[in-house]
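A.B. asks: Pasted the sequence and its predicted model underneath.
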Amino acid sequence: MTPNSEYESIIDYKNPGQFVSDIIWFIVVSYFITSIVLFISGYFDRLEGLKKLVICFIIQSVAIIVGVTFIILLTDMLISLGGEKPADNWEELKRMLFVAVLMSVFILFVHHGRNLILEWRANLIKHEDIKKKALQWELTSLKLQLDQNFMFNNYRSLFNLIQEDREKALTFLEKLASTHRYLLLNAEVNLIKLKQELLFLKDLGDLIKEHYEGRIIFKINIKESDLNLEIPPVSLHFLADHAIQSNLAFLKDYLQLFINIYTEEEYIVLKCQNLSKEVYDVGLDHGLNNIKKRYELLGKQVPKIELDPDFFIVRLILL
């Protein structure tokens, strides 16, 4: 249907047949425009940003002008075959082409915007996944950084025991295997229950006691209600190892070194004598930095470290 003036309604409700044909014509043109836009946009997916928009706009505009003109001419031809005279209205044709191009631009921007949002979300998820994997890798590497001197000393103690007492050597080997098993089982775990960490520390304490001939004593006093709270695995090992290594040179002047481990409010505390009587820079210690870094990566409160001429004290928050 062609309106006689710009004030006439585009749809003639008094002519149902014409109304239906107009609807069908509109659906065909809309489908054609949408298909052209999606096809061209998909074909140039390898391009990015403004370059893609400009190329898609130019190509689809040409394609839509040609296509819509063809549809109009085809419609006129079908009308002629039906015995009617097609409308000869160049202004209406221009309006149709303008509306078609405008519609294609709108669809292009909606489609491109949707793709940008989907791509942004995919990149965000990918970035978060990479970040999590990197964090997990860093945490795992930190957990596996056992002091090489400690391991070497244990193997040397085992060698000496084999020569002196094979039964004790077997027990020592079982404890050593247990510590390795603990490390392997918890290599991918960021937090572990305190009761499990204390069981590991018990085996570790037996190794230390055997190696230093009973001169290093662990005293553990943990509330029953705190046993199900969590800390990063091997944390107590690093604290105990620092306490031993920092006092080792002065141990010969004392009968024993006592390492006290207990809970205090929301913390687990390791406290031992400072046999050196010196206030040194604890920030240089590998083990303490290991624990601090893991708490930072987990987004938790970092350890509180106190050192004076009498005592070395570390507080780890329980999670």
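C.D. replies: Nice, I can see it.

A.B. asks: Only C-alpha atoms from now on, for both contacts and neighbour counts.
C.D. replies: Fine.

A.B. asks: so where do the helices sit in this protein?
C.D. replies: Remark: helices assigned in the chain by DSSP state H are 16-43, 49-81, 90-143, 148-164, 166-185, 194-211, 235-247, 286-297.

A.B. asks: Measure how the last one sits relative to helix 235-247, angle-wise.
C.D. replies: Right, the one you point to is helix 286-297. 150 degrees (axes from the mean of the first three to the mean of the last three C-alpha atoms, to 10 degrees).

A.B. asks: pLDDT averaged over helix 286-297 - what is it?
C.D. replies: For helix 286-297, the mean per-residue pLDDT is 80.

A.B. asks: Going by neighbour count, which residues of it are buried?
C.D. replies: With burial defined by 16 or more other C-alpha atoms under 10 Å, the residues of helix 286-297 counted as buried are 287-295.

A.B. asks: could the residues you listed be laid out in a markdown table, adding distance to Leu185?
C.D. replies: Output for those, formatted as a markdown table (distance: C-alpha to C-alpha, whole Å):
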| residue | distance to Leu185 |
| --- | --- |
| Gly287 | 20 |
| Leu288 | 22 |
| Asn289 | 23 |
| Asn290 | 19 |
| Ile291 | 19 |
| Lys292 | 22 |
| Lys293 | 21 |
| Arg294 | 18 |
| Tyr295 | 20 |
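
A.B. asks: and of those, the nearest to Leu198?
C.D. replies: For Leu198, the nearest member of the buried residues of helix 286-297 is Ile291. The distance, counting by C-alpha to C-alpha, is 16.4 Å.

A.B. asks: if I look at the closest residue to the closest one other than its chain neighbours, how far off is Leu207?
C.D. replies: Excluding the flanking residues, the one nearest Ile291 by C-alpha to C-alpha, 6 or more residues apart in numbering is Ser235, at 6.2 Å. Distance, Ser235 to Leu207, using C-alpha to C-alpha, to the nearest Å: 17 Å.

A.B. asks: Quick check: the two most widely separated of the buried residues of helix 286-297?
C.D. replies: Pairwise distances across the buried residues of helix 286-297 (C-alpha to C-alpha) peak at 12.7 Å, for the pair Gly287 and Tyr295.

A.B. asks: Many thanks, I have nothing further to ask.
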